[in-house]
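S.K.: A predicted structure for the sequence below; I have some questions about it.
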Amino acid sequence: MSTRRRANERQGEAAGKIIAAEVNGEHVPGESYWYDVVTPNGTKIEVKSTHTELDDGSEGRFRLWEDQHTSLTSAEASGTAWYAFVLFSTDDEVVGIQRRKPSTVTRIVREIALEDGEPWSVAKHREREARQKKVPWSEVMSI
C-alpha cells in the first residue's frame, strides 16, 4: 500500500471520527458503502475529507462517488441522509466542517459539470470501478 493511500485512509478515518463525535453518532466505516456515520436517530452521514492544498500545490478536492450519491439522494427524501465535508490544513488541522444535503451536492455537481463538461467520470481508482466527481473544496465551503 502506498504512503499516500495510507495517509488518505488515516485522514478519512480521522474525519469520520470527528463527525461522529460532533453528532453524537457512531463511526461505522465498514457497515455500508454509502455512509460512514449513523446518528442516534438513524440518520446516515457520508463523510468526505480533503486538505486545503494537495502535494502538487493544487486546491484540495472532495471525491464523490456516483453510487454513494444516488443512495444518499434516495435516503434524503425521508430526511435521513447528509454529507459532511471536513477540510484539513496542510498541517492536518481541521479548518472547516460543512454539512450539505445530497440535493444541494447534486446542484454543485451540475454547476461544475457545466464548466468542465462532465457530471461524473470513470474513476481511475485501483480499488473502485465506479464513476466519480472531484469537487474543489471551495465549491462546498468557504473559510
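M.R.: Yes, it's here.

S.K.: So what pairs up with the residue nearest the centre of the chain in the strands?
M.R.: Against the mean C-alpha coordinate of the chain, by CA atoms, centre = their mean, the closest residue is residue 48 at 2.2 Å. Beta bridges link residue 48 to residue 85 when assigned by DSSP bridges.

S.K.: Quickly note the distance from it to residue 91.
M.R.: Residue 48 is 20 Å from residue 91, where distance means CB to CB, to the nearest Å. The way it works is simple: take the backbone N, C-alpha and C, and place the C-beta from them, glycine included.

S.K.: Likewise for residue 78?
M.R.: Residue 78 is 39 Å from residue 91, by CB to CB.

S.K.: And for residue 53?
M.R.: Distance from residue 53 to residue 91, by CB to CB: 11 Å.

S.K.: Looking at the two now, which is surrounded by more residues?
M.R.: residue 53 (14 against 8; other CB atoms under 10 Å).

S.K.: Tell me who's in contact with the more buried one.
M.R.: Residue 53 is in contact with 59, 60, 90, counting by CB atoms under 8 Å, 6 or more residues apart in numbering.

S.K.: For it, list each beta-bridge partner.
M.R.: When bridges are called by DSSP bridges, residue 53 pairs up with residue 59.

S.K.: cool, and the one 10 residues further on?
M.R.: According to DSSP bridges, the partner residues bridging residue 63 are residue 134.

S.K.: All further residue positions should be reported with the first residue as 35.
M.R.: With 35 as the first residue, the last one maps to residue 97.

S.K.: wait, isn't it in contact with residue 83?
M.R.: No: using CB atoms under 8 Å, residue 97 is not in contact with residue 83, being 9.6 Å away.

S.K.: Those two: who's more crowded?
M.R.: Legend: neighbour count by other CB under 10 Å for residue 97 and residue 83, higher for residue 83 (24 against 15).

S.K.: show me what contacts the more buried one?
M.R.: Contacts for residue 83 were tallied using CB under 8 Å, 6+ apart; they are 45, 46, 48, 49, 96, 119, 120, 121, 122.

S.K.: How far off centre is the helix or strand encompassing the first one?
M.R.: Which is residue 45. In this assignment (DSSP states H and E), residue 45 forms part of helix 37-56. Distance of helix 37-56 from its chain centroid, counting by CA atoms, centre = their mean, to the nearest Å, is 11 Å.
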